[in-house]
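> Just the structure for this:
(2 chains)
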Amino acid sequence: MWRDALLVAGKDLRIEGRSRVGLSQVAPFGIVALVLFAFALGPDRQVMAKGAPGLFWVAVLFCTVLAIQRSVSVESSDGARDGLRLSGIDPAGLYLGKATAVAAQLVVLELLLGVGIVVLYGARIAVPWMIVVSCVLATIGLAATGTLYGALSSGLRVRETLLPFLLLPIAAPVLLAGTRVFQAAMTGGSPATGMQWLRLLVLFDAVYVAVGVLLFGPIQETA
Amino acid sequence: MTSDLTAAPVAAPSDVTAPTHVAHPPVAPAPNNGVNLSTTASTPPAVTSPPVTPPPVQSSRSKAVERTVGILALVGTAFTVWLGLWVTPPDKVQGDLVRLVYIHPGVAWVALYLAFGLAAVASLLYLWPRTRSLFWDRLAAAAVEVGVVFNVCTLVSGSIWGKPTWGVWWAWDARLTLTAVLLVLFLGYLALRRIPAEPEVRARRSAFVALFAALDVPIVHFSVNWWNTLHQGATVLNPGLTLKIHGSMAWTLLLGFVALTLAFVWMLLVRYRIGVLEDWLAANELDLALTERQSEGGGPLVDATADRVGAA
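Now for the predicted structure:
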């Protein structure tokens, strides 16, 4: 399973490395979102710094949808999906591989957006480790749920419109938790609140990774 | 210009080739008067119509159950309205506003617990290989669709209550937020179901989405609870199931719960039956249309050749 996962993740990241779709389209979209949020909330730096945690995670969520669309569309042409299924790769490995590739791209994106909110919104980070841990946990959750829904909607002609509708409400706890941890880490608030939300993220990750590993095989058959 | 000239000679031979059809007995003696046309219409169509399976018929027993539940729901609702609006006293603090208590929690109970719970359980039973049957799929779909109606009623009646008591139509309270998230999840499920697919594929896909959503609900519940809580605690469904109100108000509240639950069951039964008919229609739509088309005036093939021969 792990070997298969590494193979699939390597394949997806190689495709990304050669096509640069994530780097040239998804990441700039994230920056555009940050700039648009700034236009929407006005030039008041205090308001921006206060809203920075939420805006960061909303931008990440939107970019996740795009990254998942890309991850699905990579398999949709030339019968690549059937090829993967025929190759004898363990479905759980395939799931973990696809999710890992998405997660890796999201981490790079979050790094970029993190710099974005510090520079553009004047956000100040008081507890860096909390930011890092929440990013890692939230990324796992987003990649895990996103890959699941990506596989479910992969065969549909209305995929582009349906996927965000299905995925974003499910990811609502990630947005809430991520925002709260960021708020705690930025204002230097009580670490207890941050820890509580981090535990929620761990629970979310555990549930959806487990579901993906167990059910990805049958889910593929629906496409 | 030239194309017109070349087209004409080609058109003529194509008409001439028509007499190959004259070999068919019903077409050959067609001198084009009314009597003969009516006889061709009465002859059986040249193409045999595809067999159409008859629509599933509701058994008399299920019809009786459906009707009984419907009548009970109607009577229960009427009594709840009567008791709630005329018999029960106004509240000391909330005045007449308190009468919403006979509707709002009952509707919420159906939308948040009954409908969603049923949809989750039915979807799980569909996914479980031993209990896999389209019955569970249709039941889940019916529960979600009716649940959406009740969910919207919950939000609307809650808003009407919230404006005078809290001063706002909407508050970002934990319960309200959870209800709204549930509504969006429900709507996503229905959107997915609308995508045409084989019944089995659609059932499987929808069941997975329902399962993922059901897994999300407790997590959303925790998160919004930590996020914000303003709503009052549950009156009936609190731990220990002890009633916090008394007398006629309590009885009306309970009757409201029962009536709304019955209304839900009735809608569920009807929606399930429609689901069965929809699936039948989807499977037989083309055959039905073909049969109808052929029964229009003795079959299209025969008529077309008759016209052509008459024109020639």
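> Please count neighbours and contacts with C-alpha atoms only from this point.
Noted.
> Which residues are in contact with B:Q58?
B:R273 (C-alpha atoms under 8 Å, 6 or more residues apart in numbering or on different chains).
> Can I take it that it is in a strand?
No - counting by DSSP: H, G, I helix; E, B strand; the rest coil, B:Q58 is not found in a strand; it is coil.
> Check it and give its pLDDT.
The pLDDT attached to B:Q58 in the predicted structure is 82.
> cool, A:R14 as well?
A:R14 carries a pLDDT score of 92 in this model.
> residues near it, how many?
Summarising burial for A:R14: neighbours were counted as other C-alpha atoms under 10 Å in any protein chain shown, giving 13.
> what does B:A64 give?
Applying the criterion other C-alpha under 10 Å, we find 11 residues in the vicinity of B:A64.
> Relative to chain A, how far out is it?
With distances taken as C-alpha to the nearest C-alpha, to the nearest Å, B:A64 is found 38 Å from chain A.
> Secondary structure element holding that residue?
Following DSSP states H and E, one finds B:A64 within helix B:60-82.
> and that helix, what other elements does it pack with?
Helices and strands in packing contact with helix B:60-82 are listed as helix B:247-295; criterion 3 or more C-alpha pairs under 8 Å, 6 or more residues apart in numbering or on different chains; DSSP states H and E.
> quick one, the helix it packs on and helix B:60-82 angle?
140 degrees (axes from the mean of the first three to the mean of the last three C-alpha atoms, to 10 degrees).
> Can you spell out which helices and strands pack onto helix B:247-295?
Short answer (3+ C-alpha pairs under 8 Å, 6+ apart): helix B:247-295 packs on helix B:60-82, helix B:104-108, helix B:134-166.
> Could you identify the helix or strand that succeeds the last one?
For helix B:134-166, the following helix or strand on the C-terminal side (DSSP H and E) is helix B:174-193.
> Of the helices and strands packed on helix B:247-295, which stretch is the most buried?
helix B:104-108 (a mean of 24; mean count of other C-alpha atoms under 10 Å in any protein chain shown).
> Check the offset of that helix from the chain's centre.
On the basis of C-alpha atoms, centre = their mean, to the nearest Å, the separation between the geometric centre of helix B:104-108 and that of its chain is 22 Å.
> which outside residues touch the next helix or strand after that helix?
With elements assigned by DSSP H and E, the helix or strand that comes after helix B:104-108 is helix B:116-127. Identification of contacts with helix B:116-127 by C-alpha under 8 Å, 6+ apart yields B:131-134, B:136-137, B:139-141, B:143-144, B:147, B:203-204, B:206-208, B:210-211, B:214.
> With stretch A:75-82 instead?
Among residues not part of stretch A:75-82, those counted as contacts by C-alpha under 8 Å, 6+ apart are A:V74, A:S154, A:G155.
> Just to be sure, which of those are found in helices?
Among the contacts of stretch A:75-82, the members falling in helices are A:V74 (criterion: DSSP state H).
> Return the members of the contacts of stretch A:75-82 classed as buried.
The neighbour-count criterion (16 or more other C-alpha atoms under 10 Å in any protein chain shown) marks A:S154, A:G155 among the contacts of stretch A:75-82 as buried.
> Just put the contacts of stretch A:75-82 in JSON lines and tack on distance to chain B and pLDDT.
Listed next are those as JSON lines, based on distance: C-alpha to the nearest C-alpha, whole Å; pLDDT from 0 to 100:
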{"residue": "A:V74", "distance to chain B": "21", "pLDDT": "87"}
{"residue": "A:S154", "distance to chain B": "11", "pLDDT": "83"}
{"residue": "A:G155", "distance to chain B": "11", "pLDDT": "77"}
